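Q: Structure, please.
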Amino acid sequence: MTNTARTETAASQVIDLDCSGLLCPLPVYKAALALNNLKDGDLLRLVTTDPGALRDIPAMARQRGDTLVEVVEEANGQVFVVKKGSSE
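A: Numbers count the residues shown, from 1 in each chain. Okay, the predicted model is just below:
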């Protein structure tokens with residue numbers, strides 16, 4: 001199941017996307033779709049349980065020109081924070 005939530009901050013928008021239980025390529029696909037709907041500087045907080053996402057999400061961010069801000073490995077999955085656009 002995929003859940004999406006929006007949070008507004010002073011500088012940017014933060015979108016939460018829960019891709020728990022989904023296997024490759026769905027977390028990457030859904031993350032890319034969500035990022036396409038954001039403005040530069042907005043953040044995507046992505047939760048996954050697919051261990052392959054540890055390779056796939058950073059690769060997707062690099063290929064798209066986005067910035068991987070944070071990766072947190074938890075007992076039951078991973079949390080990624082991706083900033084749309086480059087850090088430059």
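Q: can you map out the strands along this protein?
A: Per DSSP state E, the chain carries strands over the ranges 3-8, 13-19, 43-48, 67-74, 77-83.
Q: What is the burial count for the closest residue in space to Gly85 that isn't next to it in sequence?
A: Spatial nearest neighbour of Gly85, chain neighbours left out: Asp40 (3.6 Å); criterion: C-beta to C-beta, 6 or more residues apart in numbering. Any C-beta I mention is one placed from the backbone N, CA and C, and that applies to glycine too. Counted with other C-beta atoms under 10 Å, the neighbours of Asp40 add up to 11.
Q: cool, Ser86 as well?
A: Other residues within reach of Ser86, judged by other C-beta under 10 Å, total 11.
Q: residues contacting it?
A: 65-67 (C-beta atoms under 8 Å, 6 or more residues apart in numbering).
Q: Of the residues you listed, just say which sits nearest to Pro25.
A: Asp66 (17.1 Å; C-beta to C-beta).
Q: thought the closest one was touching Phe80?
A: No - using C-beta atoms under 8 Å, Asp66 is not in contact with Phe80, being 10.6 Å away.
Q: The two - which one has more neighbours?
A: More crowded of Asp66 and Phe80, by other C-beta under 10 Å: Phe80, with 25 against 22.
Q: which residues does Arg62 contact?
A: So Arg62 contacts Leu68 (C-beta under 8 Å, 6+ apart).
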